[in-house]
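Colleague: below is the structure, and that's it, no one-letter string:
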């Protein structure tokens, strides 16, 4: 793992990279851990704002997963949030090996204004983005399907967004096979 707090600390851009972004406490680190089958690869916390730098995880010199700081509420100073938000935006707008950004959205709440703002930024930067619902084991009844359909409808207006939304649960391990298949297709291109 390599933690990067400034652009000059970025690793060489030689392997395909897949980034994970989302609101604070949406489950980015938990999903990275569940995808890799390693419980402590990415550090998890119940405290918003725990991830404060770009964390690069080299997987067998074939692929790099990038765990980005959360956006939205964090228990740190506004200047710290502004600094890591700028770093994240600069990385997303200029990384030649970035194959896709997976935008994680809490399945209990759906897209929020901050998620829409991120989608707008990714459209401007021409970064391919796919929405992944997290915590999909928590909505009851038809709520998960309602949120998934609302996300897919909202993505129509975003040219950088892929239309398919994947629902996952790191805790129950659901949806991980579908997400791994997406990742494998990107690495084997």
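Modeller: It's in. Because the structure is predicted, anything quoted here is derived from the model rather than measured.
Colleague: tell me the strands beside the longest strand seen in the chain, with direction?
Modeller: For the chain, the longest strand by residue count, based on DSSP state E, is strand 98-106. Counting by DSSP bridges, the strands paired with strand 98-106 are strand 17-22 (parallel), strand 129-134 (parallel).
Colleague: and these, which one is worst for confidence?
Modeller: Among the strands paired with strand 98-106, strand 17-22 carries the lowest mean pLDDT, a mean of 94.
Colleague: contact partners of it?
Modeller: Identification of contacts with strand 17-22 by Cβ atoms under 8 Å, 6 or more residues apart in numbering yields 28, 31-32, 56, 63-68, 70-71, 88, 91-92, 95, 97-106, 115, 118, 134, 183, 186. Where C-beta positions appear, they are placed from N, C-alpha and C, glycine not excepted.
Colleague: and the spatially most distant residue from the centre of the chain, helix, strand or coil?
Modeller: Going by Cα atoms, centre = their mean, the residue of the chain most distant from its centre is residue 141, 25.8 Å out. Secondary structure, DSSP: H, G, I helix; E, B strand; the rest coil: residue 141 is coil.
Colleague: in this protein, which spans are strands?
Modeller: So, for the chain - with DSSP E - the strands run 2-4, 17-22, 54-59, 63-67, 98-106, 129-134, 166-167.
Colleague: middle-most residue in the chain, spatially?
Modeller: Mean-position check on the chain, Cα atoms, centre = their mean. Result residue 20 at 2.1 Å.
Colleague: what's across from that one in the sheet?
Modeller: According to DSSP bridges, beta-bridge pairing links residue 20 with residue 67, residue 102.
Colleague: residue 94 versus that one, what's the distance?
Modeller: Note on residue 20: its distance to residue 94, by Cβ to Cβ, to the nearest Å, is 18 Å.
Colleague: now residue 55
Modeller: 18 Å.
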